[in-house]
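>>> Quick one, structure for this:
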Amino acid sequence: MAAPRKRYLVVIPARGGSKRLPGKNLMKIGDDSLIGCAILCAKDAGIVGDIAVSTDDQSIATEAMRYGPYVPFMRPKQLATDEAKTIDVVDHAIKWFASRGNHYDALVVLQPTSPLRTAKDLREAVELFEQREADAVVSVCMLEHPLQWCAELGPNGSMEKFGETHNSQMRSQELTHHYRLNGAIYIYDITSLRAKGRFYFNDNTFAYEMDEVSSVDIDTHHDYLMAEYFYSIR
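Purely as a prediction, here's the structure:
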């Protein structure tokens with residue numbers, strides 16, 4: 001990969017109040033916590049700029065500081081609620097650095113809950129962003145099953161709608177591939193992001209495809225067990 005031409009602010013959002021899986025950002029995958037995995041991914045990718053962990057939780061901040069000086073501020077309480085939006089969290093980080101004279105071309109968001117994302121993934125996503133002169137690059141993975149195999153159940157459990165969508169005569173190779181966001185990597189041009197005030201998709205947004213294993217996103221204990229297993233065998 002050629003050296004990145006742009007300057008990047010990497011924001012790692014890590015709120016302390018997870019309800020579905022308490023303390024998840026401090027859980028370990030191998031020798032490192034989830035927050036540590038995200039920091040190491042950003043460091044090892046070697047992109048130009050700064051890394052900032054945005055957290056309201058002192059335990060997460062202390063853990064993040066084990067990996068370097070990556071907690072320049074504590075997240076304001078109004079951005080640490082269940083209702084707080086990621087766009088507001090990253091905007092706060094952008095403004096914090098700007099107020100100190102630090103300006104960037106692009107924003108990278110790395111969720112700690114994607115610990116199997118690699119530095120290679122991030123480098124390749126940045127390369128795609130720069131090669132395409134994109135507004136944004138967002139990571140995706142292919143759906144495990146074709147949409148044509150999916151349908152709603154009726155109120156009494158009826159599968160009538162499957163008859164409308166499922167064509168059992170078609171081989172899986174003949175069906176259209178669909179993709180889902182995997183939550184691992186978001187890269188946005190900062191000027192266009194702040195102008196729109198939201199994460200968006202347009203004809204200059206491009207997908208960085210990751211495999212199913214690298215796309216594991218930890219939201220439940222079951223997800224965590226899967227991530228542990230896949231980490232142990234890769």
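>>> so for the strand ranked longest in the chain, what's the average pLDDT?
If you go by DSSP state E, the chain has its longest strand at strand 179-189. Strand 179-189 carries an average pLDDT of 98.
>>> helices and strands around that strand, which ones?
If you count contacts as 3 or more C-beta pairs under 8 Å, 6 or more residues apart in numbering; DSSP states H and E, strand 179-189 packs onto strand 106-109, helix 119-131, strand 136-142, strand 205-209. C-beta coordinates here come from the backbone N, C-alpha and C atoms, glycine included.
>>> Downstream of it, the next helix or strand is which one?
helix 190-196 (DSSP states H and E).
>>> Pull out the buried residues from that following helix.
Buried positions in helix 190-196, judged by neighbour count with 16 or more other C-beta atoms under 10 Å: 190, 193-194.
>>> now do stretch 10-17
For stretch 10-17, the neighbour count (16+ other C-beta under 10 Å) marks 10-16 as buried.
>>> Ends of it, what's the gap?
End-to-end distance of stretch 10-17 (C-alpha to C-alpha, to the nearest Å): 22 Å.
>>> which residues sit against that stretch?
Counting contacts by C-beta atoms under 8 Å, 6 or more residues apart in numbering, the residues outside stretch 10-17 that touch it are 25, 35, 38-39, 42, 47, 49-57, 59-60, 64, 70, 75, 80, 82, 84, 86, 89-90, 93, 107-112.
>>> Which among those count as buried?
Buried by 16+ other C-beta under 10 Å: 25, 35, 38-39, 42, 47, 49-57, 60, 64, 70, 75, 80, 84, 86, 89-90, 93, 107-112, out of the contacts of stretch 10-17.
>>> What separation do you get for the residue nearest the centre of the chain and Asp57?
Note on the chain: the residue nearest the mean C-alpha position is Ala184, at 2.8 Å, using C-alpha atoms, centre = their mean. Taking C-beta to C-beta, to the nearest Å as the measure, Ala184 falls 22 Å from Asp57.
>>> Over to Leu26?
9 Å.
>>> before we move on, what SS does Asn156 have?
At Asn156 the chain is in coil, as set by DSSP: H, G, I helix; E, B strand; the rest coil.
>>> Count the neighbours of it for me.
Using other C-beta atoms under 10 Å, Asn156 has 5 neighbouring residues.
>>> picking that back up, between the buried residues of helix 190-196, which is nearest Met159?
Leu193 (42.9 Å; C-beta to C-beta).
>>> Surely that closest one and Asp105 touch.
No. Contact criterion C-beta atoms under 8 Å: Leu193 and Asp105 do not qualify, at 11.1 Å.
>>> Please name every helix or strand in contact with the lowest-mean-pLDDT helix or strand in the chain.
Sorting the helices and strands of the chain by mean pLDDT, DSSP states H and E puts helix 160-165 at the bottom, at a mean of 77. Here helix 160-165 touches no other helix or strand, going by 3+ C-beta pairs under 8 Å, 6+ apart.
>>> Tabulate the CA atom coordinates of that helix in CSV.
Provided in CSV are the C-alpha atoms of helix 160-165 (Å, rounded to 0.1, in the frame of the first residue of the first chain):
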residue,chain,number,x,y,z
GLU,A,160,-47.6,-18.4,2.9
LYS,A,161,-45.2,-15.6,2.1
PHE,A,162,-42.4,-18.0,1.6
GLY,A,163,-44.3,-19.4,-1.4
GLU,A,164,-44.3,-15.9,-2.9
THR,A,165,-40.5,-15.4,-2.5
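>>> Alright, I will stop here.
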